[in-house]
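# sequence first, predicted model second:
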Amino acid sequence: MRYTKWNFIMSVLGIFIYIFDLIVDTWVSVKFFHEGQYVFGVLTVTFIVFGTFVVQCFSYSWFKADLKKAGQEDHHCFLLLHCLQGGVFTRYWFVLKKGHHVAFKYSSKTNNFMEEQIDLHKEVIDRVTDLSMLRLFETYLEGCPQLVLQLYSLLEQGQGNFSPYAAIMVTCCGISWSTVDYQIALRKSLPDKNPINGLSPKFMYLFYKLFTLLSWVLSVVLLLFLNVKIALFLLLFLWLLGIMWAFKKQTQFCASIGMEFLYRIVVGFILVFTFFNVKGQNTKCPMSCYYIVKVLATLYILIAFWVCLPSVFISDYFIIITVIIAFTFLLGIIFLIVYYGIFHPNRSEEKKPDEIDGKPVQRDCRMSYFLML
């Protein structure tokens, strides 16, 4: 388990992507207000604030737990930084500072202080995994609702310029890539999990998430055109089901009851848009049930839309959207089957302790309770 120079470069790229994502979020909200779509503008700002609030809460909670574990109780400075929405930037600063030291100054040492070197690499990798988890939360809490609003606005306005399409593609790809990046970082941080090696499994996983997400979001947008109240009821119902599933699985992600409750709320929200493994257990049956429900819901939406086609839609236009929904969902399921059938790491196989450090696998670390996508 090593934090390499390539990993450091990717961490540097990560902070630029994060800043770019903030710029895109701001641009989208300003664009809605500028075009007079005040409801969409307010909703976009609301999702951004909610996602940022959740991320700052988890980030500060983890900082506080890490400081307590290290015997340091003075965390007021970190509290102030998180109140000023600087939690993620603070974590990036620590990752880049420690990561540069480990990747460029410790990489040449192979004989002396080996155990200390491995601990330093593990520390940086754990910090990167924390960041990936926070980015995953923020991406789904902000990006998925924004994607729904952007697609709804595009289909309603029928805009011909390139900017709304670019914003949609950036949002959609950002959601999918953050999911893949988190999966890679999490597996690298857990010694008893096989890493995702090679480009093929990463691209298979990326396309599986991308196509299934796009198909479902388009279906939700069509339902919004049909009836806003029914669409909101369906999303709320699925959210509650996700929360109930998290409670049923008895997740143990946070030390405090309040943060654990917030975590289960976030889990339920993410489950509205994509499937993930809540506790790292066998998910063949739950995943099958999840996508069967998605298929039935999508079919219901398409049939209802064909029966009660709104006047805002042209029939030929809707045929294209129907084909896109069906085709992307089919592609997503195909990539899912290929990934889990051929490229998925063997979760049941546990690694033996490394001969170099001889340390047993640690199972009490925070990463061992992170959700498995």
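Done, it's in.
# is P345 in a helix, a strand, or coil?
Of the three states, P345 takes coil under DSSP: H, G, I helix; E, B strand; the rest coil.
# which one is it nearest to, not counting chain neighbours?
N194 (3.5 Å; Cβ to Cβ, 6 or more residues apart in numbering). (Glycine included, C-beta is placed from N, CA and C.)
# quick one, phi/psi of that neighbour?
The phi/psi pair for N194 (degrees, to the nearest 10) reads phi -70, psi 130.
# next: N277.
phi -90, psi 110.
# and stretch 215-234, how far out from the chain middle?
On the basis of Cα atoms, centre = their mean, to the nearest Å, stretch 215-234 is displaced by 22 Å from the centre of the chain it belongs to.
# an error on my part: the question was meant for stretch 120-137.
13 Å.
# and if you look at stretch 262-281?
10 Å.
# which parts of the one helix or strand E156 maps to are buried?
Using DSSP states H and E, E156 sits within helix 144-157. Of all the residues in helix 144-157, those buried under the rule 16 or more other Cβ atoms under 10 Å are C144, P145, Q146, L147, V148, L149, Q150, L151, Y152, S153, L155.
# just checking, what packs against the next helix or strand after it?
Once helix 144-157 ends, the next helix or strand along the chain (criterion: DSSP H and E) is helix 163-189. Other helices and strands packing on helix 163-189, by 3 or more Cβ pairs under 8 Å, 6 or more residues apart in numbering; DSSP states H and E, are helix 5-34, helix 114-138, helix 144-157, helix 199-226.
# in the second one, what counts as buried?
Just to be clear, that refers to helix 114-138. By neighbour count on 16+ other Cβ under 10 Å, the buried set for helix 114-138 is 117-118, 120-138.
# the longest one too?
The neighbour-count criterion (16+ other Cβ under 10 Å) identifies 7-8, 10-11, 14-15, 17-18, 21, 24-25, 28-29, 31-32 as the buried residues of helix 5-34.
# and for stretch 37-44?
Neighbour-count burial for stretch 37-44, counted by 16+ other Cβ under 10 Å, picks out Q37, F40, G41, L43, T44.
# so which of those residues comes closest to G268?
L43 (19.3 Å; Cβ to Cβ).
# enumerate every residue touching the residue nearest to the closest one when sequence neighbours are not counted.
Closest residue in space to L43, ignoring its immediate chain neighbours: L149 at 6.2 Å, by Cβ to Cβ, 6+ apart. Going by Cβ atoms under 8 Å, 6 or more residues apart in numbering, L149 touches F32, F40, L43, T44.
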